[in-house]
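1. My questions concern the predicted model and sequence given below.
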Amino acid sequence: MLTHPLNTKWRWSYKPTIVYQQQSAEDWLADYRPVLETPIDSIETFWRVYSNVPTLSALDCGNIYALFRDNITASWEDKANEDGFSVVMYMNKYISPAYMKKLYQHALFVTIGANSPFASELNGCTFERKVGGNKIAFWMKTNINSVKEQLQMAMSVIKALDIPFNDIVNVDDELRIDWKDPKQAAQKITVKCVSHKKRATEPMVPRTRYPNSNNVQPKRYNNQPPRSNRK
């Protein structure tokens with residue numbers, strides 16, 4: 001059968017909500033489960049996976065998808081990530097489901113594609129389902145210390161996702177995401193640029209508990225049962 005190979009092999013993994021406290025890098029990664037045991041190396045394989053897993057909005061709060069280059073993990077401490085930064089987009093929880101679905105799709109396409117201006121810098125993307133609004137982060141391998149250059153990279157990501165510039169507000173990493181803030185509440189998306197090295201060395205803080213979790217999980221293609229939840 002004719003296939004259309006991707007320029008890079010990708011791994012799609014899934015992290016359920018099974019802990020209620022901040023974790024070490026090792027424990028954080030241990031909870032990730034492969035959606036597909038083998039790398040995604042073609043457009044056909046990507047569509048097969050995409051069509052058979054829940055969309056971001058259908059996941060349970062606290063769940064995370066990670067789509068990364070083969071042999072790179074969704075961890076600030078990974079050697080390929082530790083010197084980089086992320087363009088993080090926080091979604092206003094009141095945006096429409098159609099808007100969220102389109103953004104989720106475009107983020108996936110931009111990640112596996114090789115046409116964006118930042119494709120060579122991009123290690124992967126994470127998608128987190130959150131009570132206060134979903135979060136999408138593009139993980140870059142090289143840090144940019146200049147605020148101006150970080151803003152340019154963020155604008156490049158926004159443009160690649162086909163997001164109108166008047167839908168976003170850029171804030172400093174030190175500023176707390178607060179949808180009661182009129183400036184943030186007036187926009188669909190709040191954007192930050194986050195240093196991986198800085199985040200990796202911050203003190204651990206409690207994570208949000210989701211007591212009403214339904215734990216919606218994506219299908220596994222190797223038909224093996226998911227790994228038991230760690231206690």
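-> Yep, it's here.
2. drop to CA atoms for contacts and neighbour counts, all remaining ones
-> OK.
3. you'd agree residue 84 is up against residue 196?
-> Yes - with contact defined as Cα atoms under 8 Å, residue 84 reaches residue 196; the gap is 5.8 Å.
4. need the contact list for residue 8.
-> Shown in contact with residue 8 (Cα atoms under 8 Å, 6 or more residues apart in numbering): 41, 69-70, 112.
5. So which of those residues belong to strands?
-> 41, 69 (DSSP state E).
6. Helices along the chain, start to end?
-> In the chain, the segments counted as helices under DSSP state H are 25-30, 43-50, 97-112, 147-160, 182-185, 196-200.
7. Reformat the ones you listed as a markdown table; add mean pLDDT.
-> A markdown table is the format used below for the helices of the chain (pLDDT from 0 to 100):
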| stretch | mean pLDDT |
| --- | --- |
| helix 25-30 | 79 |
| helix 43-50 | 96 |
| helix 97-112 | 96 |
| helix 147-160 | 93 |
| helix 182-185 | 86 |
| helix 196-200 | 85 |
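8. quick one: which of the contacts of residue 8 has the most company?
-> Counting neighbours by other Cα atoms under 10 Å, the top entry in the contacts of residue 8 is residue 112, with 27 neighbours.
9. Show the model's pLDDT score for the closest residue in space to residue 160 that isn't next to it in sequence.
-> Among residues not flanking residue 160 along the chain, residue 116 sits closest, at 6.4 Å (Cα to Cα, 6 or more residues apart in numbering). On pLDDT, residue 116 comes in at 95.
10. Likewise for residue 230?
-> Residue 230 is given a pLDDT of 30.
11. for residue 84, same thing?
-> 94.
12. tell me the phi and psi of it?
-> phi -100, psi -170 (degrees, to the nearest 10).
13. so who does it touch?
-> Per Cα under 8 Å, 6+ apart, neighbours of residue 84: 139-144, 195-197.
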